[in-house]
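Trainee: Here's a sequence, model it:
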Amino acid sequence: MPHHPVRNQVIAGAFVLAMLVVAVAVLVLVGGSQSWFEARQTVRVHFRAAPNLKVGNPVLMAGHPVGRVREIRLVEVECPPEERPQRTCYRVEVLAELPSRYALYKNAQVAMIQSLVGQSAVVNIRDVGFGAALGAGDVLVGRQESPFADAADELGIGAKEKVSIQEILENIRGLTADAKRDAPEILAHLKTTSANLEEASGKVKGTLKTVQDILDENRPDVRDAVANARDLAEQANDDGKAILARTRDATETAAAILDENRDDVREAVARARSVTEKADKNVDDILANAKAGAESLKGALADLRVMTGDSKDIVVWNKGNLNKILQNFTATSADLKALAQEVRRAPWRLFATPDKKEVESLNLYDAARQFASAASDLEGLADTLKVMLEAQEKGVAVDPQVLQGMVDRLQDTFNHYTATEEALWKEFDRIKK
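Mentor: Okay, the predicted model is just below:
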C-alpha cells in the first residue's frame, strides 16, 4: 500500500482542529455563554490589610459568587484624621472584576472574610448601596470581618455577653502578666532542680546497674523462692477443696433441718399473717404515730441542717489539716497496696521462717524495690516539670502556685530518694561484712 505523507498530515491537522472546536464548545456549554461575552467592570476596594487574599479568589455578592480578584497591590493614600500625624499611609488596593449588570453605589459595603479552615479569604459585597452610582475612579473602603462574627449573632451572643467575654480576656491577660513576672525566679529554681535531677539520674543508673548485677548473682535463690511459692499455692488449692467439701456437707445438713422443722415454719408464717391483720385494723393509730414521727423527723432535719452548716465551716477552717490527713491516707493506701503485692508475690513468707541468708536477701530486695520506686517517682516528676517548662517557654500560661507546689513536691521526692539510696547502700555494706 503506498504512503502519502501530505495527506496524513492534513488528516492529523483536521483532527486537532476538530478537537479544539469541541473543547471550546464544551467550555461554553459548561461555563455559560453569557459570562464569556458579557461586559465586565472593575471595582477598586481599599483595605487596611488583606491577609490570605490572593489573585483569583472569589468575589461574592450577598454570599453568591459573581466575580474574581484580578489584582492586589499596595498604594499610598491620604491619611485619615485619626492617623493624620503620620506623613504617609498605605492601603491594600484590591481590583475586583465582576459583570457590569451588577450596579454598585458609592456607599456600598464591602468586607473581606477569612475562611475558618485553611489560608484563604474572599471579598464579599454585603450591600450595593444607594444614591450616587460608583464611578470609574471611585474607591470603596472595605473592612475586615472575623469569620466568627455571623456565628456569634446566630448563637445569640449579644453586647452583654461580649462585655463579659472581654472581662474574662482582661483577667486572663492579668494572670499571664503575673506569670511572666514570676517566671524568672521559677525558671531559676527549675534550672537548679534540673541540674540536681541530671546528677541524680546518673546515680540512679549506676545504682540500678549494681542492683541488676546483685539480682543476677542471686537468681538461684529467686528460683527457689518461686518453687516454694508454687508448693504453697498447691497446698492452698488442696485446702480449698476440703473447705468446699465441708461447705457442701453443711448445706445438706441445713436442708435436712429445714425439712424436719417445716411445720414450725408454717406456724411462724401463720402468726406473721395474724400480726399483719391486726396491723390493718389499727392502721389509723399507726398513721397518727407516723405523722408524729414525721414531725419529729422534720425537727431532726432542721437540726441536721444547722449541724451541716457548722460542719461546713469546720471543714473550711481546717482545710489545710484535712489536706494533710488525705495525703497521709494516700501514703497509707500506697503502703497497704505494696504490702498486698508483697503477699501475693511471696505468700510463703507468712508461714515459713527464713534463715539469716534469706533475711539478708529479702532486706536487700526490699531496699532495692523501694529505691527503684523512689527513682521512678523522681523521674516522673522530672518529666512533668520539663513539660511544664517547655509549655511556659512556648507562651502557655502556667499558674505560679502550681509550679511552686511541683517544686516542693519534687524536693520531698528527692529527699525520699536520697533516704532510700542510703538504705540500699547500708544493705550492701551489711551483706559485704
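
Trainee: Tell me where this structure has strands.
Mentor: Assigned by DSSP state E, the strands in the chain fall at 40-47, 58-61, 64-77, 89-99, 109-114, 121-127, 139-141, 143-145.

Trainee: Now do the helices in the stretch 251-400 of the chain.
Mentor: Assigned by DSSP state H, counting those that start in this stretch, the helices in the stretch 251-400 of the chain fall at 262-281, 283-317, 319-345, 356-393, 400-432.

Trainee: looking at the strands of the chain, which is closest to S333?
Mentor: Evaluated with CB to CB, those place strand 109-114 nearest to S333, the distance being 53.0 Å. Any C-beta I mention is one placed from the backbone N, CA and C, and that applies to glycine too.

Trainee: how about the strands of the chain in CSV, adding mean pLDDT and mean neighbour count?
Mentor: Supplementary listing: those in CSV, determined by pLDDT from 0 to 100; neighbours: other CB atoms under 10 Å:
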stretch, mean pLDDT, mean neighbour count
strand 40-47, 92, 18
strand 58-61, 92, 19
strand 64-77, 92, 14
strand 89-99, 92, 18
strand 109-114, 89, 19
strand 121-127, 91, 20
strand 139-141, 91, 17
strand 143-145, 84, 14
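
Trainee: Tabulate these (CSV), appending distance to E167.
Mentor: As requested, the strands of the chain are exported to CSV (distance: least, CB to CB, whole Å):
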stretch, distance to E167
strand 40-47, 30
strand 58-61, 35
strand 64-77, 36
strand 89-99, 33
strand 109-114, 26
strand 121-127, 30
strand 139-141, 32
strand 143-145, 23
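
Trainee: picking up where we left off before, pipe the helices of the stretch 251-400 of the chain into CSV and attach distance to E234 and mean pLDDT per row.
Mentor: Formatted as CSV, these follow (distance: least, CB to CB, whole Å; pLDDT from 0 to 100):
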stretch, distance to E234, mean pLDDT
helix 262-281, 43, 73
helix 283-317, 52, 70
helix 319-345, 16, 62
helix 356-393, 21, 77
helix 400-432, 32, 81
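
Trainee: Can you check which of those gets nearest to V226?
Mentor: helix 319-345 (9.6 Å).

Trainee: Provide a list of residues in contact with the residue nearest to I214 when sequence neighbours are not counted.
Mentor: Nearest non-adjacent residue to I214, counting by CB to CB, 6 or more residues apart in numbering: L364, 6.8 Å away. Going by CB atoms under 8 Å, 6 or more residues apart in numbering, L364 touches I214, N218, L424, E427, F428, I431.

Trainee: One more pass at 10 Å, please.
Mentor: Shown in contact with L364 (CB atoms under 10 Å, 6 or more residues apart in numbering): V211, I214, L215, N218, L424, E427, F428, R430, I431.

Trainee: try R181
Mentor: Each residue near R181 by CB under 10 Å, 6+ apart is listed here: P400.

Trainee: quick one, which of the helices of the stretch 251-400 of the chain is nearest to K205?
Mentor: helix 356-393 (9.2 Å).

Trainee: and the angle from that closest one to helix 400-432?
Mentor: What separates the directions of helix 356-393 and helix 400-432 is an angle of 160 degrees, with axes from the mean of the first three to the mean of the last three CA atoms, to 10 degrees.

Trainee: How far off centre is helix 356-393?
Mentor: 27 Å (CA atoms, centre = their mean, to the nearest Å).
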